[in-house]
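Asks: Quick one: sequence and predicted model below, then my questions.
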Amino acid sequence: DAGVTQSPTHLIKTRGQHVTLRCSPISGHKSVSWYQQVLGQGPQFIFQYYEKEERGRGNFPDRFSARQFPNYSSELNVNALLLGDSALYLCASSLVEGIGYTFGSGTRLTVV
Amino acid sequence: GESVGLHLPTLSVQEGDNSIINCAYSNSASDYFIWYKQESGKGPQFIIDIRSNMDKRQGQRVTVLLNKTVKHLSLQIAATQPGDSAVYFCAENSGGYQKVTFGTGTKLQVIP
């Protein structure tokens, strides 16, 4: 069975640009969460979606947005990129909310 | 505010020895804790979890201990192997199970 898949795996963007990251959850998983992991730190919660509804939001600016589609895949969008947005962006899915998350390998975003 | 932190940033152990990774948390309302392993270039991988109504849980070669009195949990790895080399995160899941709060991580180095 496929795990959580994220695309692209690596991405380089320029300051001020916009980026869209994609995530496909494990088949049957209805909950998707997004995390930002800066080098040398633990992942920080950005968003959680369940059944296409936003269920939780972390302490991130409005430049960050996300959505979940009817097939439970998800997109994370970041506008007006800053150098500090450079990080590994992780997607995690679970069958039920909050328990048993499986993480993808992430998208490495570099902002130059 | 809530925080989950680790006492030691790096732990070096001889192959075959037991490893103990410690973690302190500050939110007394935390009721679910998880240990994750993250290898280079990969997302966090679930190792073991424990609920606040337990003080010990065992898995394959791993044991998690929870001391709610001093808000401390630990991960014990028996007969540490080179494949155990990774960064280990403790995390707590509260607030309606909408997010997982990670600590900063401990790097485990196994010496052959």
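Replies: Cool, got the structure.

Asks: From now on I want contacts and neighbour counts done on CA atoms only, so please keep to that.
Replies: Fine.

Asks: now the spatially most central residue of chain A: how far from A:Cys91?
Replies: Against the mean C-alpha coordinate of chain A, by Cα atoms, centre = their mean, the closest residue is A:Trp34 at 3.3 Å. Note on A:Trp34: its distance to A:Cys91, by Cα to Cα, to the nearest Å, is 5 Å.

Asks: Can you name the residues bridging to the residue nearest to the centre of chain A?
Replies: Beta-bridge partners recorded for A:Trp34 (DSSP bridges): A:Phe47, A:Cys91.

Asks: which residues touch it?
Replies: Residues in contact with A:Trp34 (Cα atoms under 8 Å, 6 or more residues apart in numbering or on different chains) are A:45-48, A:76, A:89-92.

Asks: Residue 91: neighbour count?
Replies: No chain was given, so I picked chain A. As a burial measure, A:Cys91 scores 32 neighbours (other Cα atoms under 10 Å in any protein chain shown).

Asks: I was after chain B.
Replies: B:Ala91, neighbours per other Cα under 10 Å, totals 28.

Asks: ok, back up a step: how about TSV for the contacts of A:Trp34, with distance to A:Thr110 added?
Replies: What follows is those, written out as TSV (distance: Cα to Cα, whole Å):
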residue	distance to A:Thr110
A:Phe45	19
A:Ile46	18
A:Phe47	20
A:Gln48	23
A:Leu76	15
A:Tyr89	11
A:Leu90	14
A:Cys91	17
A:Ala92	21
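
Asks: Out of these, which end up buried?
Replies: Neighbour-count burial (16 or more other Cα atoms under 10 Å in any protein chain shown) applied to the contacts of A:Trp34 gives A:45-48, A:76, A:89-92.

Asks: Could you list the low-pLDDT ranges of the chain?
Replies: Just so you know, I chose chain A. Low-confidence segments of chain A (pLDDT under 70): A:1, A:98.

Asks: switch to chain B, that's the one I care about
Replies: With pLDDT under 70 as the threshold, chain B has low-confidence stretches at B:1-8, B:95-98.
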